[in-house]
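K.L.:
next comes the sequence, and after it the predicted model I'd like to discuss.
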Amino acid sequence: MRGFCDSALRLGATDAKIIRSDQVEVRNWVRWKCRYGCSHYGRSLMCPPYVPTIQDMQNLLKEYSYALLFRCKTDDSGTLAIELERRVFLKGYHTALAFSSGSCHLCDKCEVKRG
């Protein structure tokens with residue numbers, strides 16, 4: 001699995017680490033911070049209220065043994081996450097699933113109003 005960390009670094013991550021999935025904490029305060037602390041709340045399909053609920057994320061994490069965490073200095077962690085997911089999938093880990101934080105840059109124009 002260390003090879004996946006090396007891939008993340010080659011793709012532009014500044015750090016990468018494999019951890020047990022039960023070490024990932026999903027906390028309620030994060031959604032509340034978004035809801036009452038972010039002027040962009042409800043304006044991106046990559047952020048609350050459009051992302052999975054706390055319970056859904058906790059249940060999803062129970063289906064995995066490990067998580068690869070990486071850090072980027074750029075604002076384009078989504079593209080890196082998608083490419084990492086593809087590479088991990090192609091290595092035979094067919095349940096690979098990527099998530100990223102920060103602003104979404106997947107589309108030229110956000111279609112949040114159209115759903």
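P.N.:
That came through, no problem.
K.L.:
where does pLDDT dip in the protein?
P.N.:
Within the chain, the stretches with pLDDT under 70 are 105, 115.
K.L.:
run the last query once more with 90
P.N.:
Applying pLDDT under 90 to the chain flags residues 1-2, 30, 37-51, 72-79, 99-115.
K.L.:
wait, what's in contact with the spatially most central residue of it?
P.N.:
Nearest to the geometric centre of the chain sits F99, at 1.7 Å (C-alpha atoms, centre = their mean). Neighbouring residues of F99 by C-beta atoms under 8 Å, 6 or more residues apart in numbering: A81. Placement of C-beta: from N, CA and C, glycine included.
K.L.:
and what about it, helix, strand or coil?
P.N.:
Following DSSP: H, G, I helix; E, B strand; the rest coil, F99 is assigned to coil.
K.L.:
kindly report the same for G102.
P.N.:
Following three-state DSSP, we place G102 in the coil state.
K.L.:
quick check: it vs C47, distance?
P.N.:
Plainly put, G102 is 10 Å away from C47 if you go by C-beta to C-beta, to the nearest Å.
K.L.:
which of these two has more neighbours?
P.N.:
Comparing G102 with C47 by neighbour count (other C-beta atoms under 10 Å), the higher total belongs to C47, at 20 against 13.
K.L.:
quick check: closest non-adjacent residue to that one.
P.N.:
Spatially, and ignoring its direct neighbours in sequence, C47 is nearest to C34 (6.1 Å; C-beta to C-beta, 6 or more residues apart in numbering).
K.L.:
could you do S103 as well?
P.N.:
Residue nearest to S103 in three dimensions, not counting chain neighbours: D75, with 6.0 Å by C-beta to C-beta, 6+ apart.
K.L.:
likewise for R87?
P.N.:
Nearest residue to R87, sequence neighbours excluded (C-beta to C-beta, 6+ apart): S7, at 5.6 Å.
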